[in-house]
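*Asks:* What shape does this take:
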Amino acid sequence: MKAKVIITLILVAIFIVFVIQNIEVINIHFLFFSFPISQVLLMFLVFAIGVIVGMMLPGLLSNKNKKSEVSDK
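*Replies:* Predicted coordinates for the structure are as follows:
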């Protein structure tokens, strides 16, 4: 087997163990709202939001630098 396939299988196995261990439902309190959510789903949502912000941040910073270069000239 290729190394890439083996690494992918190992990561999938780790992910499955992670999901099985974090199935518990927890309550989230935000302002006046309270709702139950699975720990795994909450962690995935936080991770996804972090990835989206991380992908947007360099673009926002580079636009800010371009604007300051234009105003300096």
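
*Asks:* got a list of what the residue positioned nearest the centre of the chain touches?
*Replies:* Closest residue to the average C-alpha location of the chain: Phe47 at 1.8 Å, with CA atoms, centre = their mean. Going by CB atoms under 8 Å, 6 or more residues apart in numbering, Phe47 touches no other residue. In this view, the C-beta of every residue, glycine as well, is placed from N, C-alpha and C.

*Asks:* Look at it and tell me its secondary structure.
*Replies:* With DSSP: H, G, I helix; E, B strand; the rest coil as the basis, Phe47 sits in helix.

*Asks:* Use 833 as the first number from now on
*Replies:* From this message on, residue numbering opens at 833, which makes the last subject Phe879.

*Asks:* Could you check how far it is from Gly886?
*Replies:* 10 Å (CB to CB, to the nearest Å).

*Asks:* Check Phe876 too.
*Replies:* Going from Phe876 to Gly886 by CB to CB gives 15 Å.

*Asks:* So the two - more neighbours on which side?
*Replies:* Phe876 (12 against 9; other CB atoms under 10 Å).

*Asks:* Quick check: which element contains that one?
*Replies:* For Phe876, the host element (DSSP states H and E) is helix 871-904.

*Asks:* Next, the buried residues of that helix.
*Replies:* Residues Val872 are the ones in helix 871-904 that count as buried (16 or more other CB atoms under 10 Å).

*Asks:* Quick check: mean pLDDT of that helix?
*Replies:* If you average the pLDDT over helix 871-904, you get 77.

*Asks:* which residues are contacting the strand or helix carrying Asn859?
*Replies:* In the assignment (DSSP H and E), Asn859 maps to strand 857-862. Under the criterion CB under 8 Å, 6+ apart, residues Ser866, Phe867, Pro868, Ile869, Ser870, Gln871, Leu874 lie in contact with strand 857-862.
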